[in-house]
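> Test case, fold it:
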Amino acid sequence: MSADYQKDGSIAVITLNNPPVNGLGLSTRRAVVELLERANADASIRAIVLTGAGKAFSGGADITEFGTDRATQEPHLLSVIKALELSAKPVVAAIHSVCMGGGLELAMGCHYRVAAPGTAVALPEVKLGLLPGAGGTQRLPRLLGLETALNMVVSGEMVKSEMLAAIPGQKLFDQLTASAESLMAEARAFAEKIADQRPLPLVRDLPCKHPQAEAYLQFARNMVKGMAKNFPAPGKCVDAVAASVGKFDAGMQVERELFTQLMFTPESRALRHLFMAERAASKIADVPSNTPIREIRSVGVIGAGTMGGGIAMNFLNAGIPVTILETKQEALDRGVAIIRKNYEAQVKKGKLKPEKYEERIALLKTTLSYDDLKQADLIIEAVFEELGVKEIVFKQLDAVAKPGAILASNTSTLDVDKIAAFTQRPQDVVGMHFFSPANVMKLLEVVRGKHTAKDVLATVMQLAKKIKKTAVVSGVCDGFIGNRMIEQYSRQAGFLLDEGATPQQVDKAIEKFGFAMGPFRMGDLAGNDIGWAIRKRRAVERADMKYSRTADKLCELGRYGQKTGAGWYDYQAGKRDAIVSPVVTQMIEAHRAAEGITPRKISDEEIVQRLVFSLVNEGAHILEDGIAGKSGDIDMVYLTGYGFPIHRGGPMHYAGEVGLINVVQAMHRFAKNPRDDAAFWQPAPLLARLAAEGKTFS
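All right, here's what the predicted structure looks like:
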């Protein structure tokens, strides 16, 4: 049973017990109803206290039941809340630690609520593209007032219990306890005090009033419409909360209808997929959750450039001392100055307290000697992306690093197994590919070499959480997950230019689809010379790989992007606005003429399909090759590292939404295009098989 029963004199205590956050799964819901009946049938019981074991009252729905029949099986949450309301004996919710989603709805169904200070209170369903579906939109406005409740429902953000308790006229909490430790004693005393009071108060009977309800709700709709963009849930949240101004049962009907509508939207499916994929990414099939962890008390970073400095900031932010190594003092000084500048900008904006800034800088040391890294538990190299340079660094690290130190490479494309072979300890070597700017971007690709020890992987995955990164494990291949796929995307962008599109048309089409930035603006931001270097390497290693010549011609003109003030677009000094370049237009037209290409009109739909489906096909190859463990891992890489639109759930999830059979048919059409790469558009065997079986990647 997922709830416990204890008799304390005339008080019955029902404790939710479904670790880690007392999710309201079927067994928990059944247990609450059964134990409620037991307490009501016992003549010696005068009142009931409902609480949660461990570190939560309840975090809401049980995520392990998402998408299964158990989520809607009786008693569902609405039935449990009805049982609480109909209890002949008063039910007091003793709330602590975490009270969110269905957990808060459950508490609002009780007759009384006693809360510990520091409790995180929220209705976060909007973050899954949904709205509270068990009365949250109807009860919270009756307890906190229309405006506070609407803000909480529409934002999904957490508010501390003491802040809510301080709202004048609030009825959410009947009592805020002196401390978390005294919660149960105070809740039992409160239950004794109100045990004989009748009638029992019901939230549904409270009025929801606002002096200018219609005007306020219209204002809220306008605000939400401007901010929600691609997501329908925030607007529906306003509509549901608006119904609380009327009769309770009618409002509940509105909430149920809107909840059902949202449940079947592609946006909600995408957000629920993201929620599950993010949690699944940290689980590695052959690395048990109880794998021992190596202690990381200090970190060394090789290289004080943009990437090295950004990497160092992640660890300083987490309170971990960092030593940065460079070859020259000027490079060190420059790197530290950039770190200081970044922190000072945060202080100026009020995002960082001055004393915190000083604390972080105090954790930073610099050195010109490898000897100063002898005691580091983790050393990350962030030097030039060239295997010979990496070899020099790792041979020196192997000579000085202590036994058991983790040696990590920030390489974005190079072979981690070759890098590991430069040492006598390949089991301690791992790839930690941060994305630029490293102190901002959430994604961390953790590259597992063939010899990487399981405890090294487990340590790095746990450390990623500590530095607030979303870590995804990749096997060893050229470009790993993200860059291997983006190369196909970039190749398609080039072919589209050859055939008649312009950089701005391609960028606008994919940005309208929802990408943060199109491929040509992205190239200008990252530096077009990076792709140029990869293509030069490809010419030697993969002479069969077909590319448009336009990107090379651009680089031959010295147009590397924003850093040179000119790339696919022109840039004015100090500004990032992309201005259409007549030089580039002329270069593309001259290239077409030289190749004998007659430009054709290309639709935005074709642009989006070729770019996105190229990611999907390469992603399918990556799954087949075992480079990624799960399709959700690929989606996490693209959602957190490459600006793929969140409301579409990542390339692999989006392919499922379109229908894999439709993706395959589009690919067959693209293969017939003489200007494209017919061999690439042969569907990956995994994609072809799943499409034939009517399945999706997940």
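> Go ahead and confirm Ala312 touches Val301.
Yes. The criterion here is Cβ atoms under 8 Å, and Ala312 meets it with Val301 at 4.9 Å. Any C-beta I mention is one placed from the backbone N, CA and C, and that applies to glycine too.
> what sits in contact with each of those two?
Residues touching both Ala312 and Val301 by Cβ atoms under 8 Å, 6 or more residues apart in numbering: Val322, Ile324.
> Just name the shakiest helix or strand of the chain by mean pLDDT.
Within the chain, confidence by mean pLDDT, DSSP states H and E is lowest for helix 528-541 among all helices and strands, at a mean of 83.
> Report all helices and strands that the helix or strand just after that one contacts.
Next along the chain after helix 528-541, taking DSSP states H and E as the criterion, comes helix 550-556. Using 3 or more Cβ pairs under 8 Å, 6 or more residues apart in numbering; DSSP states H and E, the elements in contact with helix 550-556 are helix 482-499, helix 528-541, helix 582-595.
> And the next helix or strand past helix 550-556?
Using DSSP H and E, the helix or strand that follows helix 550-556 in sequence is strand 569-570.
> how far out from the middle of the chain is that next one?
Its chain's C-alpha centre and that of strand 569-570 lie 32 Å apart, by Cα atoms, centre = their mean, to the nearest Å.
> List the contacts of that strand.
Under Cβ under 8 Å, 6+ apart, the answer for strand 569-570 is Pro503, Gln504, Phe520, Arg521, Asp524, Ala578, Ile579, Val580, Ser581, Val583, Val584.
> what's in contact with the helix or strand that comes right after that strand?
Later in the chain than strand 569-570, the nearest helix or strand by DSSP H and E is strand 579-580. With Cβ under 8 Å, 6+ apart as the test, strand 579-580 has contacts from Thr502, Gln504, Tyr569, Asp570, Tyr571, Gln572.
> Turn those into a markdown table, columns for neighbour count, pLDDT and distance to Gly136.
Formatted as a markdown table, the contacts of strand 579-580 follow (neighbours: other Cβ atoms under 10 Å; pLDDT from 0 to 100; distance: Cβ to Cβ, whole Å):
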| residue | neighbour count | pLDDT | distance to Gly136 |
| --- | --- | --- | --- |
| Thr502 | 19 | 97 | 49 |
| Gln504 | 19 | 97 | 45 |
| Tyr569 | 22 | 97 | 47 |
| Asp570 | 17 | 96 | 51 |
| Tyr571 | 19 | 96 | 48 |
| Gln572 | 9 | 92 | 50 |
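> so which two of the residues you listed are the farthest from each other?
The span of these, defined through Cβ to Cβ, is set by Thr502 and Gln572 at 20.3 Å.
> From Glu192, how far out is Lys672?
Lys672 sits 80 Å away from Glu192, taking Cβ to Cβ, to the nearest Å as the criterion.
> okay, those two: which has more neighbours?
Ranked by neighbour count (other Cβ atoms under 10 Å), Lys672 and Glu192 place Glu192 first, with 16 against 9.
> State the helix or strand in which the more buried one lies.
Using DSSP H and E, Glu192 falls in helix 183-194.
> Would you tell me what the next helix or strand after that helix is?
Next along from helix 183-194, by DSSP H and E: helix 213-228.
> Helices of the stretch 251-400 of the chain, start to end?
For the stretch 251-400 of the chain, helices defined by DSSP state H, counting those that start in this stretch occupy the ranges 266-281, 306-317, 329-348, 354-362, 387-400.
> can you put those in TSV and add distance to Arg139 and mean pLDDT?
Output for the helices of the stretch 251-400 of the chain, formatted as TSV (distance: least, Cβ to Cβ, whole Å; pLDDT from 0 to 100):
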stretch	distance to Arg139	mean pLDDT
helix 266-281	22	94
helix 306-317	39	95
helix 329-348	39	95
helix 354-362	39	96
helix 387-400	59	96
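> ok, back up a step: just want the angle from the least confident helix or strand of the chain to helix 482-499.
The directions of helix 528-541 and helix 482-499 differ by 90 degrees, with axes from the mean of the first three to the mean of the last three Cα atoms, to 10 degrees as the criterion.
> What residues of helix 528-541 count as buried?
Within helix 528-541, the residues scored as buried using 16 or more other Cβ atoms under 10 Å are Asn528, Asp529, Ile530, Gly531, Trp532, Ile534, Arg535.
> Now the fifth one: closest residue in space, sequence neighbours ignored.
It stands for Trp532. Nearest residue to Trp532, sequence neighbours excluded (Cβ to Cβ, 6 or more residues apart in numbering): Cys555, at 4.3 Å.
> Gly527 is in contact with the one you found, correct?
No. Cys555 lies out of contact with Gly527 (Cβ under 8 Å); the separation is 9.8 Å.
> re earlier: would you convert the helices and strands packed on helix 550-556 into TSV that also reports distance to Val429?
Formatted as TSV, those follow (distance: least, Cβ to Cβ, whole Å):
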stretch	distance to Val429
helix 482-499	20
helix 528-541	22
helix 582-595	42
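> and Gly643, which of those is closest to it?
Here helix 482-499 is closest among the helices and strands packed on helix 550-556 (Cβ to Cβ), at 10.7 Å.
> if we can go back for a sec, Cys555 and Gly527: which has the busier surroundings?
Under the criterion of other Cβ under 10 Å, the comparison of Cys555 against Gly527 puts Cys555 first, with 21 against 18.
> List the contacts of the residue nearest to Trp532.
If a contact means Cβ under 8 Å, 6+ apart, then Cys555 has Asn528, Asp529, Trp532 as its contacts.
> ok, now how distant is the first one from Phe495?
Relative to Phe495, Asn528 is positioned 17 Å away (criterion: Cβ to Cβ).
> cool, the second one as well?
From Asp529 over to Phe495 the distance is 21 Å, taken as Cβ to Cβ.
> Kindly report the same for the last one.
Counting by Cβ to Cβ, the separation of Trp532 from Phe495 is 17 Å.
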